[in-house]
Every structure is written in structure tokens, then in C-alpha cells.
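Okay, sequence plus prediction incoming.
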Amino acid sequence: MYAIVSLCALVTIVAGQTTSVSRCKNYPGELPLHTYVEGCNTPPCQLPQLQDAVINLVFKSSRVMPSMTTLATAYLGFGIFEVPVPYDLGTNAITCNFLTNTYCPVLQDEVVTYTLKMYIESFFPVGTAVTIEFRVVDHNEEPVLCIRMPVTIVSPVETPDQKSNATLFINDGQ
């Protein structure tokens, strides 16, 4: 009962924040119940260099999972061919560290909220348009979920804390 109430409350809160994603073509895995890429409702999502792309996911666990790993693969298009380029998420790949409403082991039928982060490096050229598949696998490398979405790399966004905040001092001769 608690899980149903939690799911209803969560869906109500985030109903206005949904990003359209597709089922993966190259890897198995169900679509999550909910996906929201921060700052993007309709792909291709604009991902600024030098900051994290943040993807909020809600999914229902189909089994007990002591641990999970997130994997990312970008697909570069060359005509009719797609070249897969795996991307190492580093410590962000440890899915259990980024669960926001529970912890591992995840129980069967548990509704899980997960914040996936991927840092957009400066070596990703501005204007690059790729399709990315993010997939979560369990401790046995069995699929948990998989999403596919087009993205475009854009120039870094200047945040308020990066702006110059110079102070003018006036010397009145004293």
C-alpha cells in the first residue's frame, strides 16, 4: 500500500516534467515508469559541456537486486551506419549510490527513484549530435532498464556563481 501511495504522489509531483525517450535498439531492458532529463522535455536534449547531464528515472524493480551498474553508449551516425562508442561514467556508474528514495539491495516490486548523472567533457565537440543509450544492469548483468534518446552537445552555460562579481573600491584619499 505504501508503495502505491508513494508512486501516486511521485507521479503527481513530476507529471509536468517528463522527457520523451525510446526503448533501446541495441540492448534489452524495459523503459522506466518515468524519465525526466533536467532542462529537456522534447529531444534532442541540449547537453552543455562542463556540467552534468542529469536524468531522473522512476522504475519498478522486477526482482531483488543487491547492486546495479549504469552503462552508457553513444551512437555516432555515419550514413546508414551507427558506430557504438561506450562512455565510462566513472563513479556515476554505481547506480545504488544515486538512488534517492531507497538503497540497495532493492526489493522485488519496489518503486525506485534514481538520478543518473553524466559529465559532459570539454572534448565532446560543440554541435555533435548523437543518440545515447543508458542502461542499468543488475549484479548478474541482467537488464533492469534501458532508455534511448538523441542529444546535441552545446557550449558551456555560465552559471551565476561563475560570473564575475567584482567590487569597486573608491579611494577618497584617506
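Received, thanks.

Which parts of this structure are helices?
2-14 (DSSP state H).

Can you tell me which residue is spatially central in it?
In the chain, the residue lying closest to the centroid (CA atoms, centre = their mean) is I55, at 2.8 Å.

partner residues bridging that residue?
V37, L116 (DSSP bridges).

contacting residues for it?
Neighbouring residues of I55 by CB atoms under 8 Å, 6 or more residues apart in numbering: 19, 35-38, 115-118, 134, 147. Backbone N, C-alpha and C define where each C-beta goes, glycine included.

any idea how far it is from H34?
In this view, I55 and H34 are 11 Å apart by CB to CB, to the nearest Å.

And for N92?
20 Å.

Could you dump the contacts of I55 into TSV with distance to S67 added?
Compiled in TSV, the contacts of I55 are given as follows (distance: CB to CB, whole Å):
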residue	distance to S67
T19	26
T35	22
Y36	24
V37	25
E38	25
T115	17
L116	16
K117	18
M118	19
F134	17
I147	20
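
Weed out the non-buried ones from those residues.
By neighbour count, with 16 or more other CB atoms under 10 Å, the contacts of I55 hold 19, 35-37, 115-118, 134, 147 as buried.

any idea which of those residues is least confident?
The weakest per-residue confidence within the buried ones among the contacts of I55 falls on T19 (91).

Tell me who's in contact with that residue.
With CB under 8 Å, 6+ apart, T19 has these contacts: 35-37, 40-43, 45, 55, 149.

Take the residues you listed and keep only those in strands.
Under the assignment DSSP state E, the contacts of T19 contribute 35-37, 45, 55, 149 to strands.

and for stretch 72-82, what are the contacting residues?
Stretch 72-82 has contacts (CB under 8 Å, 6+ apart) with 26-27, 83-87, 89, 118, 129-135.

tell me which residues in that stretch are buried?
Those would be 72-75, 82, for stretch 72-82 by 16+ other CB under 10 Å.

before we move on, what about stretch 145-152?
In stretch 145-152, counting by 16+ other CB under 10 Å, buried: 145-149, 151.
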